[in-house]
Each structure stands twice: as C-alpha cells, then as structure tokens.
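Engineer: pasted the sequence and its predicted model underneath.
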Amino acid sequence: MSERIGVYRVQASIGKGGMAEVFLAWDDRLERRVAIKRIRHDAGLSEEQRERFRREARVVAGLSHPAVVQVFDVVSDASGDAIVMEYVHGQTLAERLAAGPLEIEEALRLGRQIAEGLAAAHTAGLIHRDLKADNVIVTPAGLAKILDFGLARPLVRKKGEKTLTREGALIGTFHAMSPEQARGETVDERSDLFSLGSLLYEMLTGRSPFRGPNPIESLRRVIDQDPTPLRKARPEVSIGLETLVRRLLAKGREARPSSAREVAEELERIEDETRATAEPASGSAGDKPDPLESEAAPAQRPRGGRRGCALAWIAAAALAAALGAHLAG
C-alpha cells in the first residue's frame, strides 16, 4: 500500500470496526512501526464530535508508562482523524487464559504491573472504564500492557465541558464493569479497581467471576451476586490474596482499596511472600528479573521496592471494536 496518513506510510490494513479502521504503518522519521486507528470518513461524525475526539485523544497521549500502550500522535487531514499508537508484539491476556488459569506467581506479577499502569493513568487524571482480559497484552518478555483507552475519560473536567459519551450511558463490557458503572452512575478510579479485581479473579481461576449466559444476567451478577470465594475455586491461593481480591470486588466503592498504588504495593508484598515460600534453600528461584524493571526508565518506576512465540498482535486492532460504542453514545 502506498497510502499515507499524515507522515506515516501505511503498510497494511489490520482491522476494521463500526467506526474506525486500523492500519500497520511505518514512521520514516523515527524508523519504527506504528499502529494507526483512523475514524472512517463515512462514520458521520459532526465537527463538534471530531473536535472532542481529537481533544480526548490528546489527553490520553499524555499518559506514558511501560504498562500502558503509548499513544504517539493525533493526525487530522482530509481523510479524517487518526490516533497513532505503539506497535506491540504479544498475546492478549484473553488469549493466554483460553488455555486455563495462570500460575499464581505470574498472575501476581501481571496484576501488579496492571495496577501500576492504572496508578499512572489515575495520577494523570484518567480512568479506563473498560479494563478486561481482551484489553491487556502480554509481551513475549512477560510485560503486561494496558490498551484500549477508547472509553477513558478525565477524572475532572471543566464546568460545562462535554464528552463523546452521554452522561448516564451504559458503556463498557458488562461482565467486567463495576456495579456503579452497571447502574449508569458516575464512576471514579475505584471503578477501575473493581475491574482489576475481576481480572485478577479470572487470571487465577480461568473464568470471569460475573460472566452470565446473557448481558442482563451478567449485569445482575455484577450488581447483586458475590462470586465463589477465591480459595474455594483455587485452594492454593493465599489468604492475603483472597482478601485483596474480595476487597477489590466490594459492591460499594467505599469498601475497596483507596488507590491503584495501594493495590500494586499489596500485590508486590504478596508476590514477595509467595516467592519466599516457594524458593528452595539456594534462593535461586527469586533471581528471575521482572520485565517491568528492565523496560522502565528509572523515573517511570513506581515506588514500593523491587520491580521484580506467541502471536503477533497489533495493539490497536483490539481498540477498534470498542470505538463504535464509545462514539455512538
């Protein structure tokens, strides 16, 4: 393909959703592959919607963390509006879980990395609103990367400022959303923590705690039903880990941990305890480095102690499916 989107040379079309198409492209300036999600010219967006899309994309582009897929650029030209993103090689967590639950040590490590990415997003004033196994990529090096901030929104907005989604609209993935999100209420960062608890439960048991046979049943379970206790589903899980997941899945947001940073630090503590229990006398089991430690620049590493093929997956391809719900609302 010889088409260009801005300064980026399109190499292939890799996905198409209701409102957008995703391309693999080449950045001639920095000599790297990128993924580009472009709003289709026939999507029917008004100029006001296009401007809000560009503004919200710029907000997400300001987020930089090794556990979050990076947005590099926003392009607006005659062909429409587009977001230029990091190209990621790996598998989605959903693909990994298709083979069954993860080892506890791996679930702890990935869960901590995801919590650290959420903490960075929350510090930047963003909530994700659609955290689930399909929206996390695991690289061959074992690094978790959160993608699809297509439903993300700032925690604080200027008075009277509109968003691309209606207030009170039910958006997100039914079995992965928080009770307050399922009721169409205003959400804050603790909604992401509920979704993280659901994701941890799924990593440890191989099944979602709230997925039902249909969307209505999934919503009912999210709002009214507690899942099977974690240690009953997987007895080798520690009491500390079960307690943390139970707190994350509290129906009332005030009963959940106060922040993603707190969750990351608690997961690190449990991770260290689990490693110490599993280590042989030689202590060699604890020598494997955490990929987040090797990939993060020192300034990017969260506080809290030591930070510690698969398919080729284009991160942006998974984003396209959610864009229709994001913009259509």
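Structural biologist: Yes, it's here.

Engineer: and the gap between the most centrally placed residue in the chain and residue 121?
Structural biologist: By C-alpha atoms, centre = their mean, the chain has its centre lying nearest to residue 146, at 3.4 Å. Separation of residue 146 from residue 121 (C-beta to C-beta, to the nearest Å) stands at 8 Å. The way it works is simple: take the backbone N, C-alpha and C, and place the C-beta from them, glycine included.

Engineer: what sits in contact with each of the two?
Structural biologist: 68, 128 (C-beta atoms under 8 Å, 6 or more residues apart in numbering).

Engineer: quick one: the helices in this structure?
Structural biologist: Taking DSSP state H as the test, the helices found in the chain are 47-61, 93-97, 104-123, 179-182, 189-205, 215-224, 230-233, 239-248, 260-278, 291-295, 315-328.

Engineer: and the fourth one, what's its mean pLDDT?
Structural biologist: It stands for helix 179-182. Mean pLDDT, computed over helix 179-182, is 94.

Engineer: could you dump the helices of the chain to CSV with distance to residue 83 and mean neighbour count?
Structural biologist: Output for those, formatted as CSV (distance: least, C-beta to C-beta, whole Å; neighbours: other C-beta atoms under 10 Å):
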stretch, distance to residue 83, mean neighbour count
helix 47-61, 5, 16
helix 93-97, 22, 19
helix 104-123, 16, 24
helix 179-182, 24, 21
helix 189-205, 21, 25
helix 215-224, 28, 16
helix 230-233, 37, 17
helix 239-248, 30, 18
helix 260-278, 24, 19
helix 291-295, 22, 17
helix 315-328, 8, 22
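
Engineer: now for those helices, which one comes closest to residue 79?
Structural biologist: Closest to residue 79 of the helices of the chain, according to C-beta to C-beta: helix 47-61, at 12.5 Å.

Engineer: distance from that closest one to the middle of the chain?
Structural biologist: Its chain's average C-alpha position is 20 Å from that of helix 47-61, according to C-alpha atoms, centre = their mean, to the nearest Å.

Engineer: and what of stretch 21-37?
Structural biologist: Worked out by C-alpha atoms, centre = their mean, stretch 21-37 lies 21 Å from the chain centre.

Engineer: measure it end to end?
Structural biologist: The first and final residues of stretch 21-37 sit 6 Å from each other (C-alpha to C-alpha, to the nearest Å).

Engineer: in that stretch, what's buried?
Structural biologist: Buried residues in stretch 21-37, defined by neighbour count with 16 or more other C-beta atoms under 10 Å: 21-27, 34-37.
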